[in-house]
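In: sequence and predicted structure are below.
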Amino acid sequence: MLALCLTTAFVPGSLAQKTPKSERKVIVIAKPDYPDILRRAQVGGIVRLKATVLPNGTVSNVEVLGGNPILAENAASAVKKWKYAPAATQTTEDVSLSFTPH
């Protein structure tokens, strides 16, 4: 009985609603800065981000998932300025930005 009580005590947290993922259209895109020193040094790559987008299309939070830390900082700053199409609920958008030194 104690084990049943302990396992059911943790169920509500696992049933909590998660932010739905979607493919909302981006209306306004801000281009990220690409530091000249990195471009000249041929440092590039893909930065992966997760953007939380409010129902009105404003980006409220950006989480870096991977990529060069300096490029990731610039990419996150740019994505925070993006504007998405309005939606009924808050969504989480996966974003990948490519930095090519050529």
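Out: Yep, that arrived.
In: now the end-to-end length of stretch 25-45.
Out: End-to-end distance for stretch 25-45: 24 Å, by CA to CA, to the nearest Å.
In: what is the strand or helix carrying residue 92 packed up against?
Out: In the assignment (DSSP states H and E), residue 92 maps to strand 91-99. Applying 3 or more CB pairs under 8 Å, 6 or more residues apart in numbering; DSSP states H and E, we find strand 91-99 packed against strand 45-53, helix 69-79. From N, CA and C alone the C-beta is placed, and that goes for glycine too.
In: closest one to residue 85 among these?
Out: strand 45-53 (9.3 Å; CB to CB).
In: list the strands paired with that closest one, with their directions.
Out: Counting by DSSP bridges, the strands paired with strand 45-53 are strand 59-66 (antiparallel), strand 91-99 (antiparallel).
In: so which of the ones you listed is the most packed in?
Out: Among the strands paired with strand 45-53, the stretch with the highest mean neighbour count (mean count of other CB atoms under 10 Å) is strand 91-99, at a mean of 17.
In: thinking again about what came up before, dump the strands paired with strand 45-53 to CSV, plus distance to residue 52 and mean pLDDT.
Out: Output for the strands paired with strand 45-53, formatted as CSV (distance: least, CB to CB, whole Å; pLDDT from 0 to 100):
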stretch, distance to residue 52, mean pLDDT
strand 59-66, 4, 98
strand 91-99, 6, 96
